[in-house]
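Chemist: Could you look at this predicted model? Sequence included:
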Amino acid sequence: MEDLKRVIRSIPDFPKKGILFRDITPLLEDRDTFRKVIDIFAEYYKDKEIDKIVSVEARGFIFSGALSYIIDAGIVLVRKPGKLPYKVIKEDYELEYGKNILEVHRDAIKKGEKVLVFDDLLATGGTASAICRLVERLGGEVISVAFLIELESLKGREKLKDYDVYTLLRYD
């Protein structure tokens with residue numbers, strides 16, 4: 001995985017002073033590296049019988065689109081308030097610097113569907129745990145939660161202790 005880490009840029013003081021931002025755009029721009037990442041996730045999830053991949057805007061959409069094609073799953077979009085056109089359910093969650101709300105169409109997941117929650121980054125775990133709550137409120141079963149990057153020092157995995165968590169790259 002060190003070869004993947006070399007492709008990710010570290011940007012100090014973005015979006016605020018004191019934050020070291022992990023920029024995945026070089027990984028996305030390189031078709032071979034992006035393909036490798038998708039293939040690794042596909043290998044891990046190929047036998048898990050996933051019905052839907054649930055991801056949050058915007059980078060999560062990129063990965064879930066490619067991965068869903070390979071593992072033959074549908075995609076469910078989770079968005080910020082006011083971005084989805086149909087009836088939604090909402091979930092509040094904590095950010096490092098405040099609160100926010102996520103929404104999903106109320107008919108996006110059927111009772112008993114097996115769901116993979118996917119996001120590009122696991123930091124504090126607030127976003128992913130909110131998505132898991134949305135999935136479960138709709139009757140879905142969270143099979144796993146996956147991330148490209150985990151920032152271990154922020155201990156987001158602790159909020160997801162009841163789930164299988166799979167990450168490719170870990171940083172302190």
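Modeler: All right, it came through fine.
Chemist: And the strands in the chain, which stretches?
Modeler: 9-12, 20-23, 52-56, 74-78, 88-95, 98-105, 114-122, 141-151, 165-171 (DSSP state E).
Chemist: Quick check: beta-bridge partners of residue 169?
Modeler: Beta-bridge partners for residue 169, by DSSP bridges, are residue 149.
Chemist: correct me, but it touches residue 151?
Modeler: No. Checked against C-beta atoms under 8 Å, the pair residue 169 and residue 151 is beyond contact range at 9.9 Å. Heads up, the C-betas are built off the backbone N, CA and C, glycines and all.
Chemist: dump the residue contacts of the one residue sitting closest to the centre of the chain.
Modeler: In the chain, the residue lying closest to the centroid (C-alpha atoms, centre = their mean) is residue 119, at 1.3 Å. By C-beta atoms under 8 Å, 6 or more residues apart in numbering, the contact set of residue 119 is 55, 56, 59, 60, 127, 128, 131, 146, 147.
Chemist: And the nearest residue to the second one once chain neighbours are set aside, how far from residue 146?
Modeler: It refers to residue 56. Leaving aside its sequence neighbours, residue 56 sits nearest to residue 78 (C-beta to C-beta, 6 or more residues apart in numbering; 4.5 Å). Between residue 78 and residue 146 the distance is 14 Å, computed by C-beta to C-beta, to the nearest Å.
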